[in-house]
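**Q** coords please:
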Amino acid sequence: MQVNLQKAEFVRSAAKAGDFPRDRLPQVAFAGRSNVGKSSVINRLLNRKNFARVGAAPGKTTHINYFLIDGAFYLVDLPGYGYAKVSMAEKQRWGRLMEEWFADPALMSLGLMIVDARHKPTADDCTMAEWFKNSGKPFAVVANKLDKLRKSDIEPNLARIRETLGLDDGVKVIPFSAEKGTGKQELLDLILSHAQDYV
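**A** Okay, the predicted model is just below:
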């Protein structure tokens, strides 16, 4: 499948279920904690500096943002979670929005969960992983910030991520560096293979 990743456009910010696009195009969803570098991962994939806005303050994105890639599929940027400085009302609104999104089996084609390769996944990460598992849709974990690890720590840390999140062998954990581009091709291949299944 030949997709021009440079042809990427911001389509909409969804604040409620009625805003979700339902045009049958594949939707590849990105989720991750507020400060895990999710926007940087998306920017690296698209070779764009500031395409997915890197927020000055984590937790700013409380909507679901849709980016259309070459008219072929959506990258869906789910709101960052686990940031303390958000009001309880805002957290509840976020929770309802996510529930509505995950409750509709027609939406997600592939889920991508971004975690920090340096640290054991948090309780919030484990909750997010359960949402992906319960969706019944394929998903993978992207272990970002690989460039901050010593080589000898990479394998043990990836194993710890897999174990903490309770991942089946069939779920990929992709070592990734938004800074250096490590893992970019593997992640792109995964995204395009799932987008192709729907075309």
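**Q** C126: what's its closest spatial neighbour, skipping adjacent residues?
**A** Using CB to CB, 6 or more residues apart in numbering and skipping residues adjacent in sequence, the residue nearest C126 is L165, 6.1 Å away. Every C-beta, even on glycine, is put in place using the N, C-alpha and C of the backbone.
**Q** Pretty sure that neighbour sits against V141.
**A** Yes - the pair L165 / V141 is scored as a contact, 6.6 Å apart, by CB atoms under 8 Å.
**Q** intersection of neighbour lists for the two?
**A** Both L165 and V141 are in contact with V115, A129, where contact means CB atoms under 8 Å, 6 or more residues apart in numbering.
**Q** And these two? Which one has more around it.
**A** Ranked by neighbour count (other CB atoms under 10 Å), L165 and V141 place V141 first, with 26 against 21.
**Q** Wait, a helix at the more buried one?
**A** No - the assignment for V141, made by DSSP: H, G, I helix; E, B strand; the rest coil, is strand rather than a helix.
**Q** how near is the residue of the chain most remote from its centre to V115?
**A** Distance to the chain centre peaks in the chain at S152, reaching 26.4 Å (criterion: CA atoms, centre = their mean). Applying CB to CB, to the nearest Å, the value for S152 to V115 is 20 Å.
**Q** can you confirm I42 is in a helix?
**A** Yes - according to three-state DSSP, I42 belongs to a helix.
**Q** okay, it: pLDDT?
**A** pLDDT recorded at I42 is 91.
**Q** which parts of stretch 87-97 are buried?
**A** K91, R93, W94, L97 (16 or more other CB atoms under 10 Å).
**Q** Now do the second one, the pLDDT please.
**A** Reading off the per-residue confidence, R93 sits at a pLDDT of 83.
**Q** residues contacting it?
**A** Counting by CB under 8 Å, 6+ apart, R93 makes contact with T62.
**Q** Checking my notes, it in a helix, right?
**A** Yes - applying three-state DSSP, one finds R93 inside a helix.
**Q** what's the spacing between it and Q6?
**A** According to CB to CB, R93 stands 34 Å off from Q6.
**Q** Equivalent analysis for G111, please.
**A** 24 Å.
**Q** repeat for H194
**A** 20 Å.
**Q** again with E155
**A** For E155, the distance to Q6 (CB to CB) stands at 34 Å.
**Q** do the same with P138
**A** 26 Å.
**Q** Between those two, which is the more surrounded one?
**A** Per other CB under 10 Å, whichever of P138 and Q6 has more neighbours is P138, with 18 against 10.
**Q** separation between the more buried one and I154?
**A** 24 Å.
**Q** Do a quick rundown of the strands in the protein.
**A** Using DSSP state E, the strands found in the chain span residues 8-14, 27-32, 64-69, 73-77, 110-116, 139-144, 173-175.
**Q** Go through those and name the closest to S39.
**A** Of all the strands of the chain, strand 73-77 sits nearest to S39, with 7.5 Å by CB to CB.
**Q** Please name every helix or strand in contact with that closest one.
**A** Here strand 73-77 touches strand 27-32, helix 38-45, strand 64-69, helix 184-198, going by 3 or more CB pairs under 8 Å, 6 or more residues apart in numbering; DSSP states H and E.
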